[in-house]
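Participant: Using only what follows, build the 3D model:
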Amino acid sequence: MDQSSPNLAKLIAKDLVTVGRLPLILMLLVLGSALGVVYTTHNTRIAVAQKDKTLVTREKLDDEWRNLLIEETSLADSSRVETIAKNDLNMERPDSSKEVTFSAQ
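Facilitator: Prediction:
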């Protein structure tokens, strides 16, 4: 290659900087905007997936809470407690003459 032939890459770069400045800037802005859209979409999808997982966990915890409330209600039933006291622990209700009452003053 002789020195008289111009370097094509240098010529294109010089042309972009001088004549094609506005289209180059617009192209860079469009590419930046496209990358921003991709980044935002990715983050939104991650957030939606986390929200869905959280809602599923919340539903499971709500079900467990309802079951615990039902279990607590059944275990605290006074007739059940009385039956266990009589049968398992051999307890009896005291006579009224053996009852002692306290009054707070």
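
Participant: Just want the most central residue of the protein.
Facilitator: The centroid of the chain falls nearest to Thr54 when counting by CA atoms, centre = their mean (3.9 Å).

Participant: Model confidence score at that residue, please.
Facilitator: Note on Thr54: pLDDT of 98.

Participant: Quickly find the element holding it.
Facilitator: helix 21-75 (DSSP states H and E).

Participant: How far off centre is that helix?
Facilitator: 7 Å (CA atoms, centre = their mean, to the nearest Å).

Participant: What number of residues are in the vicinity of Gly20?
Facilitator: 14 (other CB atoms under 10 Å). C-betas here are computed from N, CA, C, even on glycine.

Participant: where's it relative to Thr101, distance?
Facilitator: 100 Å (CB to CB, to the nearest Å).

Participant: ok, now Ser5?
Facilitator: Taking CB to CB, one finds Ser5 at 117 Å from Thr101.

Participant: Between the two, point out the one with more neighbours.
Facilitator: Ser5 (7 against 4).

Participant: quick one: what helix or strand has that one in it?
Facilitator: Here Ser5 is assigned to no helix or strand, by DSSP H and E.

Participant: On the pLDDT front, check it for me.
Facilitator: Reported pLDDT for Ser5: 71.

Participant: now do the one 10 residues further on
Facilitator: Residue-level confidence at Asp15 comes out at 84, pLDDT.

Participant: quick one: contacts for it?
Facilitator: For Asp15, the contact set (CB atoms under 8 Å, 6 or more residues apart in numbering) is empty.

Participant: Nothing else from me, thank you.
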